[in-house]
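K.L.:
can you look at this prediction? I've put the sequence above it.
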Amino acid sequence: MRVLHRARSPLDEHAAERRFRQLFQAESRALIGYALRRVQRPEDAADVVADTFLVAWRRIDDVPAGAEGRLWLFGVARRVVANHHRGASRGHKLSQRLGEELARQAPVQDDGDGLAEAVRGALARLWPDDRELLCLVSWEGLRASEVARVLDLPAATVRTRLHRARRRLRAELGAEDLGAAPSDHPEPALLMPIPKDA
Amino acid sequence: MHDLDLLGAANPVGRETLKRLELGAGAAELCDALIACPRAAPATTAARRPRRTRRVTAPRTFGSLAAAGVLAVVLVFTLGRQGGDGATAWAAPLVKLAESSPLVLVDAPGWTVTRMDEQDAVEGEMSFANGDHRADLSWRRGSLAMWQDDRRHGAALVVRRNVLGAPAQVAEYAGSHGEPLPDFTAIWPEHGRVLELRANSATLAEFEALLAALARVDVDRWLSAMPASVVKVGDRAGVVEAMVADIPLPPGFDLAALKAEELARDRYQLGAEVTAAVGCTWIKRWDDARRRGDDARAQQAIAAMASSHHWKVLDQMQAEGAWPEIFREMADAMRGDGTYFKRPLTDAVQEGLGCARWWK
């Protein structure tokens, strides 16, 4: 819990608001993408975004500047999503309109031939940490060093676990010939290799 | 099809789709509404604690090995001399390595150690396997309360148990629909560190049996339990020599230093270290040559790295991990415009091959 040592001046508040607006402007789209990829309904994604930015607003002085801010937000969002899956979150009036807008645009892709569904099914069978590692790298396009900051792990640990997670995903996918064409996904080089773990 | 392509294809919201999303009044309204919220609020359980800055350092015992944790620091050990009482006399650095771990094994039939990483003198992790059953033991800094709180999020079940005489929090993970997953974790304190065992046990009873099988052992037994695939220190020079037998070495490459390290490595890790040392040196020569307009020298490096498709050491590693595949892709990228999936190759290899270590 943050300890306030003095009352905030109007100047402090103005600066905080400016910082927050900049953060929101810069990162809301990325955060919406993060949330949409991890919850079922666009309305729930809007709630996740609202909860995450609420934490950011209340702790704006702790949010790192620049690109690190996005990693900080992902770290918070991860916990918010976990709360959501436990049923511990409540719908937000704050995000109602955003939720409606997202639902209207229905951005979730459907490849039509079940390929994506099959891969997501394989992902769902992985350990949660493994799944999150793979998603952060493949879907959010983070490097191993950035994933380390989101998950608060040493970069070397991330690399080892990433490699293990890939191997487990391959095992889950099995020898099934899933075929299909790629969609607009981040470059595979972002999923950097690391030596095996045994 | 490449697993990475499949993973990308499964992205529910691709980059282009996300770019095209219209975020108009709803987003603006949310931003204004949040700013109107009071900032002096009680700490929320969703709040992330300030991130510690982690500096991954090479273990003190290992000298020049793996600066900055670019390559995972893996278990190293050597065969020791047999002492007069029949016990093995391990080399001092290995005893230090063992003593920096919790000296815990899974003492039950069929369980073996498959991996051991130590990031520094305080933190590390090791893996165990027994057929399809897997377990990871990690030890790390940080507050016990913070780690236990972290693991309570997303848990389908949280109970208290004793592990190795310490009170532990046991949690079972929930899936995306709240269903229990075969994924259990136990967290407990030990000598100022936080220990965690995580396993793919099917039931709580099975996980409890695994916890009950954890045992503290002595240094000798712990070191003896390490994987047999580790290259013995006495063999290192010979093994390195064999690995590079069909590899063109860059002019002036210090093979003697690579052979002389006083460590034993897991064979795969040693292969990655050796090929990284050679490959990074070639790539540096190639990059320097291109900058100077020395086409002949650049072509020499390209040809040397192109031969990696036939290096035996990489063929042998292929079945065990992704290193050979990515190494060869990066070698091939030297023939193009100097980029690897739109990133400068010299940037990509720093992460992918750990070249920063070899470019000092």
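P.N.:
Received the coordinates, thanks.
K.L.:
what's the spacing between B:Val113 and chain A?
P.N.:
Relative to chain A, B:Val113 is positioned 9 Å away (C-beta to the nearest C-beta, to the nearest Å). Placement of C-beta: from N, CA and C, glycine included.
K.L.:
which ones are touching that residue?
P.N.:
B:105, B:126-128, B:225-227 (C-beta atoms under 8 Å, 6 or more residues apart in numbering or on different chains).
K.L.:
repeat that with 10 Å
P.N.:
Residues near B:Val113 by C-beta atoms under 10 Å, 6 or more residues apart in numbering or on different chains: A:198, B:75, B:105-106, B:126-129, B:137, B:222, B:224-228.
K.L.:
now for those: which two are most distant?
P.N.:
B:Leu137 and B:Ala228 (19.4 Å; C-beta to C-beta).
K.L.:
where do the helices sit along the chain?
P.N.:
The chain I'm using is chain A. Counting by DSSP state H, chain A has helices at residues A:10-36, A:42-58, A:68-85, A:96-105, A:115-124, A:128-138, A:144-151, A:155-173.
K.L.:
wrong one, I was asking about chain B
P.N.:
Counting by DSSP H, the helices of chain B are B:3-9, B:15-20, B:25-35, B:92-100, B:144-152, B:204-213, B:219-224, B:236-243, B:255-260, B:267-292, B:295-306, B:312-317, B:323-333, B:345-352.
K.L.:
what is the rounded mean pLDDT of the fifth one?
P.N.:
Mean pLDDT, helix B:144-152: 80.
K.L.:
for B:Leu137 and B:Ala228, indicate the residue with more neighbours.
P.N.:
Comparing B:Leu137 with B:Ala228 by neighbour count (other C-beta atoms under 10 Å in any protein chain shown), the higher total belongs to B:Leu137, at 23 against 7.
K.L.:
hey, what's that one bridged with?
P.N.:
B:Met126, B:Leu197 (DSSP bridges).
K.L.:
any figure for the gap between it and chain A?
P.N.:
From B:Leu137 to chain A the distance is 13 Å (C-beta to the nearest C-beta).
K.L.:
doesn't B:Ser127 make contact with that residue?
P.N.:
Yes: using C-beta atoms under 10 Å, B:Leu137 is in contact with B:Ser127, at 7.8 Å.
K.L.:
quick one on the thing from earlier: winner for burial among the helices of chain A?
P.N.:
helix A:42-58 (a mean of 25; mean count of other C-beta atoms under 10 Å in any protein chain shown).
K.L.:
picking that back up, going by mean pLDDT, which of the helices of chain A comes out lowest?
P.N.:
Minimum mean pLDDT among the helices of chain A: helix A:155-173, a mean of 75.
K.L.:
how far off centre is it?
P.N.:
Relative to its parent chain, helix A:155-173 has a centroid offset of 18 Å by C-alpha atoms, centre = their mean, to the nearest Å.
K.L.:
the spatially closest residue to B:Arg140 that is not a sequence neighbour: how many residues sit nearby?
P.N.:
In space, and not counting its chain neighbours, B:Arg140 is closest to B:Glu123: 4.6 Å by C-beta to C-beta, 6 or more residues apart in numbering or on different chains. The tally of other residues near B:Glu123 (other C-beta under 10 Å) stands at 22.
K.L.:
doesn't A:Leu162 make contact with A:Val147?
P.N.:
Yes: counting by C-beta under 10 Å, A:Val147 does reach A:Leu162; the two are 7.4 Å apart.
K.L.:
who touches both of the two?
P.N.:
The contact lists of A:Val147 and A:Leu162 share A:133-134, A:136-137, where a contact means C-beta under 10 Å, 6+ apart.
K.L.:
out of these, which touch chain B?
P.N.:
Among the shared contacts of A:Val147 and A:Leu162, the residues within reach of chain B (C-beta under 10 Å from any C-beta of the partner chain) are A:134, A:137.
K.L.:
below-threshold pLDDT in the stretch 201-350 of chain B: ranges please.
P.N.:
For the stretch 201-350 of chain B, applying pLDDT under 70 flags the ranges B:228-235, B:261-266, B:319-322.
K.L.:
can you tell me which residue is nearest the centre of chain A?
P.N.:
Most central in chain A under C-alpha atoms, centre = their mean is A:Tyr34, positioned 3.8 Å from the mean C-alpha point.
K.L.:
wait, doesn't it sit right on A:Arg78?
P.N.:
Yes: using C-beta under 10 Å, A:Tyr34 is in contact with A:Arg78, at 8.6 Å.
K.L.:
shared neighbours, those two?
P.N.:
Counting by C-beta under 10 Å, 6+ apart, the residues touching both A:Tyr34 and A:Arg78 are A:48, A:52, A:136.
K.L.:
ok, of those residues, which one's closest to A:Ala16?
P.N.:
For those, the nearest to A:Ala16 is A:Thr52 (17.0 Å; C-beta to C-beta).
K.L.:
let me see the contact set for the closest one.
P.N.:
Contacts of A:Thr52 (C-beta under 10 Å, 6+ apart): A:27-28, A:31, A:34-35, A:72-81, B:46, B:48.
K.L.:
tell me which residue of chain B lies closest to chain A.
P.N.:
Distances between chain B and chain A by C-beta to the nearest C-beta are smallest at B:Gly8, namely 2.6 Å.
K.L.:
find me the pLDDT at that residue, would you?
P.N.:
85.
K.L.:
give me the neighbour count for the nearest residue to B:Pro344 once chain neighbours are set aside.
P.N.:
The shortest distance from B:Pro344 to any non-neighbouring residue, by C-beta to C-beta, 6+ apart, is to B:Gly338 (6.4 Å). Applying other C-beta under 10 Å, we find 14 residues neighbouring B:Gly338.
K.L.:
B:Gly338 and B:Ala301 touch, don't they?
P.N.:
No: the pair B:Gly338 and B:Ala301 fails to qualify as a contact (C-beta under 10 Å) at a distance of 12.0 Å.
K.L.:
joint contacts of these two?
P.N.:
With C-beta under 10 Å, 6+ apart as the test, B:Gly338 and B:Ala301 both reach B:286-287, B:290.
K.L.:
from B:Thr281, how far off is B:Arg357?
P.N.:
Taking C-beta to C-beta, to the nearest Å as the measure, B:Arg357 falls 11 Å from B:Thr281.
K.L.:
ditto for A:Leu136
P.N.:
Taken as C-beta to C-beta, the span from A:Leu136 to B:Thr281 is 32 Å.
K.L.:
show the pLDDT at the residue nearest to A:Glu100 when sequence neighbours are not counted.
P.N.:
Leaving aside its chain neighbours, A:Glu100 sits nearest to B:Gly26 (6.8 Å; criterion: C-beta to C-beta, 6+ apart). Each residue has a pLDDT score; the one for B:Gly26 is 91.
K.L.:
now do B:Val158
P.N.:
90.
K.L.:
once you drop chain neighbours, what's closest to it?
P.N.:
B:Ala171 (4.9 Å).
K.L.:
residues in contact with the one you found?
P.N.:
Counting by C-beta under 10 Å, 6+ apart, B:Ala171 touches B:148, B:150-159, B:183-187, B:198.
K.L.:
what's the burial count for B:Pro38?
P.N.:
Neighbours of B:Pro38 using other C-beta under 10 Å come to 7.
K.L.:
doesn't A:Glu13 make contact with it?
P.N.:
No: contact between B:Pro38 and A:Glu13 fails when scored by C-beta under 10 Å: they sit 11.1 Å apart.
K.L.:
and the spatially closest residue to B:Ser127 that is not a sequence neighbour, how close does it get to B:Trp147?
P.N.:
Distances taken as C-beta to C-beta, 6+ apart put B:Arg115 closest to B:Ser127, at 4.1 Å, once the chain neighbours are dropped. To B:Trp147, B:Arg115 is 21 Å away according to C-beta to C-beta.
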